[in-house]
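Participant: Any chance you could fold what I've pasted below:
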Amino acid sequence: MTDPFKNRTPSLNGPATDLLPISPSDVTDLPTVAVALYIEVAGTLSFVSQAGSIRTVEVAHQSILPVGTRRVNATGTTASGIHAFVVG
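Facilitator: Numbers count the residues shown, from 1 in each chain. Next up, the predicted model:
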């Protein structure tokens, strides 16, 4: 199989290298800061941004939220099927 990522340096200017499922938690940060989130099922999303701010937004079905994210909080989150776009 040809791997177009083999000789490419991970970059915020390029595509994510993986998509990780998220289990919302009020205390545990993501293993890697997400460059964006994908949400399968609409609802409220409470998260801690890369800058450290707690934000709460309404998201639609199959949304992509292009914001650096450290944690998705369990409290205040009703959206589900949440995945993190990660680089590296």
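Participant: So which residues of this structure form strands?
Facilitator: Taking DSSP state E, the strands of the chain run over residues 18-21, 36-41, 43-49, 54-59, 63-65, 69-72, 80-86.
Participant: in this structure, which ranges drop under the pLDDT threshold?
Facilitator: 2-14 (pLDDT under 70).
Participant: Report the separation between the residue lying farthest from the centre of it and L19.
Facilitator: When distances are taken from the C-alpha mean of the chain, M1 lies farthest, 28.0 Å away, according to C-alpha atoms, centre = their mean. Counting by C-beta to C-beta, to the nearest Å, the gap from M1 to L19 is 19 Å. Glycine gets a C-beta too; all of them are placed from N, C-alpha and C.
Participant: How about E40?
Facilitator: Look at E40 and L19: by C-beta to C-beta, they are 11 Å apart.
Participant: Now do the shared contacts for the two.
Facilitator: Shared contacts of E40 and L19, defined by C-beta atoms under 8 Å, 6 or more residues apart in numbering, comprise H83.
Participant: who's in contact with Y38?
Facilitator: L19, Q62, S63, I64, L65, I82, H83, A84, F85.
Participant: repeat for A60
Facilitator: I39, A42.
Participant: how many other residues sit next to the closest residue to T78 other than its chain neighbours?
Facilitator: Among residues not flanking T78 along the chain, G43 sits closest, at 3.6 Å (C-beta to C-beta, 6 or more residues apart in numbering). Other residues within reach of G43, judged by other C-beta atoms under 10 Å, total 15.
Participant: Equivalent analysis for I39, please.
Facilitator: I39 has 23 neighbouring residues, counting by other C-beta under 10 Å.
Participant: Make sure it is actually in contact with T78.
Facilitator: No - the criterion here is C-beta atoms under 8 Å, and I39 misses it with T78 at 10.7 Å.
Participant: and the end-to-end length of stretch 62-69?
Facilitator: One end of stretch 62-69 sits 18 Å from the other (C-alpha to C-alpha, to the nearest Å).
Participant: Report the buried residues of that stretch.
Facilitator: Neighbour counts over stretch 62-69 (16 or more other C-beta atoms under 10 Å) mark S63, L65, T69 as buried.
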